[in-house]
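>>> Provided below are the primary sequence and the corresponding predicted coordinates.
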Amino acid sequence: MMSFGHHHAIKNAFKKGLMPDNFKGIYGKVLTLDTVSIEHITPRSQGGKLRLNNVALADRATNRLRGSKPIEEFVTRDMWIDYLKQLKKVRSQHFNGFEYIKAICKRFGIKVGEVMKK
């Protein structure tokens, strides 16, 4: 397995098995320990940082395919909502799913209530 060296609390939570079964990354593909990667919403090449409101879990292949193109070319508003809904109950010492949901919702103008409803 190739390592890209990006570590973040959300990826660590995934690796520890804290995510729901069959967890889907931002592009809608089920993630495994071998395919999970950190997607920078604003690419590092464009100044994107490893911050809560700038990361998502993604499959490595689509992450590479996207490169530094705008994430909006790959992810719709509904895809964000579906992705975030999976994180409602995820909490660990270093990752709080609800705080993450709020940060991403704020960034993309999504109402938190849309994610939190069943």
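Structure received. Numbering: from 1, shown residues only.
>>> all strands for this structure, in order.
Along the chain, counting by DSSP state E, strands occupy 36-40, 55-59.
>>> Just grab the bridge partners of R91 for me.
When bridges are assigned using DSSP bridges, the partners listed for R91 are N96.
>>> Contacts only, for it.
18, 97-98 (C-beta atoms under 8 Å, 6 or more residues apart in numbering). In short, each C-beta sits where N, CA and C put it, glycine included.
>>> Just the buried ones from these?
With neighbours counted by 16 or more other C-beta atoms under 10 Å, the contacts of R91 contain buried members at 18, 97.
>>> Quick one, which of the strands of the chain gets closest to K24.
For the strands of the chain, the distance to K24 is smallest for strand 55-59, at 8.8 Å, taking C-beta to C-beta.
>>> circling back: which of the contacts of R91 sits closest to D59?
Of all the contacts of R91, the one sitting nearest D59 is L18; the distance, using C-beta to C-beta, is 18.4 Å.
>>> That closest one reaches Q93, doesn't it?
No: with contacts counted by C-beta atoms under 8 Å, L18 stays clear of Q93, the gap being 10.4 Å.
>>> Check the spacing between R77 and I71 real quick.
Distance, R77 to I71, by C-beta to C-beta, to the nearest Å: 12 Å.
>>> Pull the number of nearby residues for the nearest residue to N53 once chain neighbours are set aside.
Ranked by C-beta to C-beta, 6 or more residues apart in numbering and with sequence neighbours excluded, the top spatial neighbour of N53 is A103, at 4.0 Å. A103: 16 surrounding residues under other C-beta atoms under 10 Å.
>>> Same check on the one 3 residues further on?
When neighbours are counted by other C-beta under 10 Å, K106 registers 11.
>>> Identify the residues contacting I81.
Contact criterion C-beta under 8 Å, 6+ apart gives 110, 114-115 as the residues in contact with I81.
>>> My error: substitute E114 in the last question.
The neighbours of E114, taking C-beta under 8 Å, 6+ apart as the test, are 81, 105.
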